[in-house]
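Peer 1: Fold the following, please.
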Amino acid sequence: MMRILLPAVLFFSMPCVFAQVNQSPYFSYPLSVPPKLNANFGEMRPNHFHMGLDLNTLSRENLPVYAPADGFISRMKIETGGFGRAIYLDHPNGTTTLYAHMNRFIPMAEKYLEDQQYQQKTWKIDLTVPPNRFPVKKGQLIGYSGNTGASQGPHVHFEIRDTKTENCLNPLRFGLPPVDVTPPDLHRLVFYDRSKSLYEQTPHVYHLIKKGNSYTPSTPVELPFEETFIAIQATDRVTGAPNANGIFRAVLTKNDKPINGFELENISYDKTRYLNGHIDHAHRMRGGAYYQMMFPPKHFDLPIYQNETKYLDVPEFSSSYEIDVFDTEENKSTISFTLKQKAGTRSSPIFPGAQFLSGMVNVYEDDEVQFVFDEHAFYDDFHFNLQKYFANSSTELSSTIHAMPEFVPVQTYFSLRIKPNRNIALIDPDRLVIRRQLRTRTEIKKAVLEKGWAAASFRELGSFQLLQDLIPPSISTTLRDGAGLVNGSRISFFVTDNLKEIQAFSVEVDGQWLLFKPSGSSYNYTVDQHFPEGEHLLTAVVKDEAGNETVRSYRVTKK
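Peer 2: Prediction:
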């Protein structure tokens, strides 16, 4: 039986269109195995909230997946990363459900999908299906589970969305199993000086001591500043499962009156990156845990907080506070603590660089580089500066430019312009790229030459360098010229690039496109009815991000 118990301190409400949904078990569990969650809604992930449930499939693939309610197939999406193979159902109650990392869909959906891929000449596709073309009934098979896309192991990623807005709703608010009577686990209580930048201070961290479902700091909280904003480290467990999930709601109170807090519900994919402002991103980037803020940062556009209050006044004399932390079943754990100011010297370190202000357009430029950030880029103020390292090869057209601090999160795309270190006449303008590196991650963007500057856009800081890429990608295959093929024969091409960034790959037989499916660095096709009989010219084309192209052709015969 579903419980939606909304205490007096709760400051959010579900849209009225879903009132009927929340009063009855509208949705059934979409798998036939015992319900178990690998992850829940609102769990912290790199650059985003987890926007659904990860349903456990017993570490197996190809488990049948069933429609949890009447509806129709409304969308299918295929991509190498992300959701991999995903299918969407629209339901009469105004919701859409999504099933990601699937291996395959029901035959009629697969046939329609393949026809559209051939018509649009693309394997990667985001396909809107005409309403009611493929109706489904509750409990009807819609496909089979898998491990496709950015999946770390076999499971089904399941979402419930508002069909009209496409905002993601918390599926556990709809009465889905498993049953949970276990309250959240609380780990740390964290305090920051609001007069300083979040990114330019060391927080005061208090470990918590547990007694029942109540927690207290290991030592009394005394702070050497007048205004603070607070964070918590907290996780949740579903009864019977050991893995740590995300919490649903947290509320800071004094004398039972709410001061501020957050609830993770009704989030758009357009807004999910605001996770980076909800957490201490710098601490996380340094390898620490997720600290979730009880107050919004200075510039924030995700309505998960109670109000716009940005800090708490630290009282001169000891005062008592509580933080109540809930899961979706209203299981609750509580932190009780006292807070007061502590006499002491407050250090005011000087940080190098230009001061960037949240909510403002910020520009840095010198004779070699220009960064332009719009007014929505940053959640808090900080000082921005660069380090430069000289180029040391003929393909490097600029110094390596390290934007600092590298752990400051950026919400929106920013413009980066770099001036080449050599005569423009000696550069092929069609082969310019900017490489961004941060630790083990590398990103390559095509650069456009604008009035002597090479420009591209990025969404994360790090080290940047302008490169001229004149090396085309390579193609290898076990296919030999003159090969004989039959239905069921497998053709594979293996593609590599010096900068490891493939922009496009396609294969045609006598000019007719074939559906090759990517898998890592290989592209694979099983000969079928789309490959005509007789002798033909099979041509593979690969292009990298810089526009370098490689073409390979083979004479083959299908019997």
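Peer 1: can we go C-alpha only for contacts and neighbour counts from here?
Peer 2: OK.
Peer 1: May I see the buried residues of stretch 183-198?
Peer 2: Buried residues in stretch 183-198, defined by neighbour count with 16 or more other C-alpha atoms under 10 Å: 183-194, 197-198.
Peer 1: Please disregard the earlier target; I meant stretch 378-387.
Peer 2: When neighbours are counted by 16+ other C-alpha under 10 Å, the buried residues of stretch 378-387 are found to be 378, 379, 380, 381, 382, 383, 384, 385, 386.
Peer 1: And the contacts of the host helix or strand of the last one?
Peer 2: For residue 386, the element it lies in under DSSP states H and E is strand 382-389. Strand 382-389 has contacts (C-alpha atoms under 8 Å, 6 or more residues apart in numbering) with 197, 199-200, 351-357, 399-405.
Peer 1: what does stretch 273-287 give?
Peer 2: Outside stretch 273-287, the residues that touch it by C-alpha under 8 Å, 6+ apart are 44, 47-49, 198-199, 289-293, 296-297, 300-302, 379, 407-409, 411.
Peer 1: How much space separates residue 191 from residue 380?
Peer 2: Taking C-alpha to C-alpha, to the nearest Å as the measure, residue 191 and residue 380 are separated by 16 Å.
Peer 1: Report the beta-bridge partners for residue 535.
Peer 2: With DSSP bridges applied, the residues forming beta bridges to residue 535 are residue 557.
Peer 1: how deep is it tucked in, by neighbour count?
Peer 2: Around residue 535 sit 17 other residues, with neighbours defined as other C-alpha atoms under 10 Å.
Peer 1: do residue 157 as well
Peer 2: Around residue 157 sit 26 other residues, with neighbours defined as other C-alpha under 10 Å.
Peer 1: For the closest residue in space to it that isn't next to it in sequence, give me the pLDDT.
Peer 2: In space, not counting the residues next to it along the chain, residue 157 is nearest to residue 54; the distance is 4.5 Å by C-alpha to C-alpha, 6 or more residues apart in numbering. Residue 54 carries a pLDDT value of 97.
Peer 1: Residue 54 reaches residue 43, doesn't it?
Peer 2: No: no contact is recorded between residue 54 and residue 43 when judged using C-alpha atoms under 8 Å, the distance being 10.6 Å.
Peer 1: I'd like the next helix or strand past the helix ranked longest in the chain.
Peer 2: In terms of residue count, the longest helix belonging to the chain (DSSP state H) is helix 107-120. Tracing the chain C-terminally past helix 107-120 and defining elements by DSSP H and E, one meets strand 125-128 next.
Peer 1: give the contact list for residue 479.
Peer 2: Listed by C-alpha under 8 Å, 6+ apart, the contact set of residue 479 reads 491, 492.
Peer 1: any low-confidence regions in the stretch 301-450 of the chain?
Peer 2: Applying pLDDT under 70 to the stretch 301-450 of the chain flags residues 345-346.
Peer 1: in it, which spans are strands?
Peer 2: Assigned by DSSP state E, counting those that start in this stretch, the stretch 301-450 of the chain shows strands spanning 312-313, 319-326, 332-341, 354-356, 362-365, 369-373, 382-389, 400-404, 414-418, 432-438, 441-446, 448-450.
Peer 1: helices and strands around the first one, which ones?
Peer 2: When contacts are defined as 3 or more C-alpha pairs under 8 Å, 6 or more residues apart in numbering; DSSP states H and E, strand 312-313 sits against strand 227-235.
Peer 1: try 10 Å this time
Peer 2: Based on contacts counted as 3 or more C-alpha pairs under 10 Å, 6 or more residues apart in numbering; DSSP states H and E, the elements that strand 312-313 packs against are strand 227-235, strand 332-341.
Peer 1: Output the ones you listed as CSV; include the columns mean neighbour count and distance to residue 489.
Peer 2: Rendered in CSV, the data for the helices and strands packed on strand 312-313 read as follows (neighbours: other C-alpha atoms under 10 Å; distance: least, C-alpha to C-alpha, whole Å):
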stretch, mean neighbour count, distance to residue 489
strand 227-235, 22, 50
strand 332-341, 20, 58
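Peer 1: how about those strands in a markdown table, adding distance to residue 309?
Peer 2: Supplementary listing: these in a markdown table, determined by distance: least, C-alpha to C-alpha, whole Å:
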| stretch | distance to residue 309 |
| --- | --- |
| strand 227-235 | 10 |
| strand 332-341 | 18 |
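Peer 1: among these, which is nearest residue 471?
Peer 2: strand 227-235 (47.7 Å; C-alpha to C-alpha).
Peer 1: Going along the chain from the closest one, find the next helix or strand for me.
Peer 2: Moving toward the C-terminus from strand 227-235, the next helix or strand (DSSP H and E) is strand 249-254.
Peer 1: could I get the very next helix or strand once past that next one in PDB with only the CA atoms?
Peer 2: Using DSSP H and E, the helix or strand that follows strand 249-254 towards the C-terminus is strand 257-263. Backbone C-alpha positions of strand 257-263 (Å, rounded to 0.1, in the frame of the first residue of the first chain) are rendered in PDB as follows:
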ATOM      1  CA  LYS A 257       9.700  25.800  12.300                       C
ATOM      2  CA  PRO A 258      11.300  25.100   8.900                       C
ATOM      3  CA  ILE A 259      14.200  27.400   7.900                       C
ATOM      4  CA  ASN A 260      15.200  25.800   4.600                       C
ATOM      5  CA  GLY A 261      15.800  22.500   2.900                       C
ATOM      6  CA  PHE A 262      15.300  20.600  -0.400                       C
ATOM      7  CA  GLU A 263      13.200  17.900  -2.000                       C
END
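Peer 1: For strand 257-263, which outside residues touch it?
Peer 2: Residues outside strand 257-263 that contact it (C-alpha atoms under 10 Å, 6 or more residues apart in numbering) are 8-12, 42, 230-231, 247-253, 278, 292-296, 303-312, 321-327.
Peer 1: Same question for stretch 105-118.
Peer 2: By C-alpha under 10 Å, 6+ apart, the surrounding residues in contact with stretch 105-118 are 64-65, 73, 75-78, 85-87, 104, 119-127, 129, 133-134, 141-145, 512-515, 530.
Peer 1: Emit the ChimeraX select command for whichever of those residues are buried.
Peer 2: In ChimeraX, a selection of the buried entries from the contacts of stretch 105-118 looks like this (16+ other C-alpha under 10 Å):
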select :64,65,73,75,76,77,78,85,86,87,104,121,122,123,124,125,127,129,141,142,143,144,145,513,514,515
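Peer 1: Can you show me the strands along the stretch 151-300 of the chain?
Peer 2: Assigned by DSSP E, counting those that start in this stretch, the stretch 151-300 of the chain shows strands spanning 155-162, 168-169, 185-193, 204-211, 214-217, 221-223, 227-235, 249-254, 257-263, 292-293.
Peer 1: With distance to residue 537 added, can I get the ones you listed in JSON lines?
Peer 2: Converted to JSON lines, the strands of the stretch 151-300 of the chain look like this (distance: least, C-alpha to C-alpha, whole Å):
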{"stretch": "strand 155-162", "distance to residue 537": "40"}
{"stretch": "strand 168-169", "distance to residue 537": "47"}
{"stretch": "strand 185-193", "distance to residue 537": "63"}
{"stretch": "strand 204-211", "distance to residue 537": "67"}
{"stretch": "strand 214-217", "distance to residue 537": "72"}
{"stretch": "strand 221-223", "distance to residue 537": "75"}
{"stretch": "strand 227-235", "distance to residue 537": "58"}
{"stretch": "strand 249-254", "distance to residue 537": "61"}
{"stretch": "strand 257-263", "distance to residue 537": "59"}
{"stretch": "strand 292-293", "distance to residue 537": "58"}
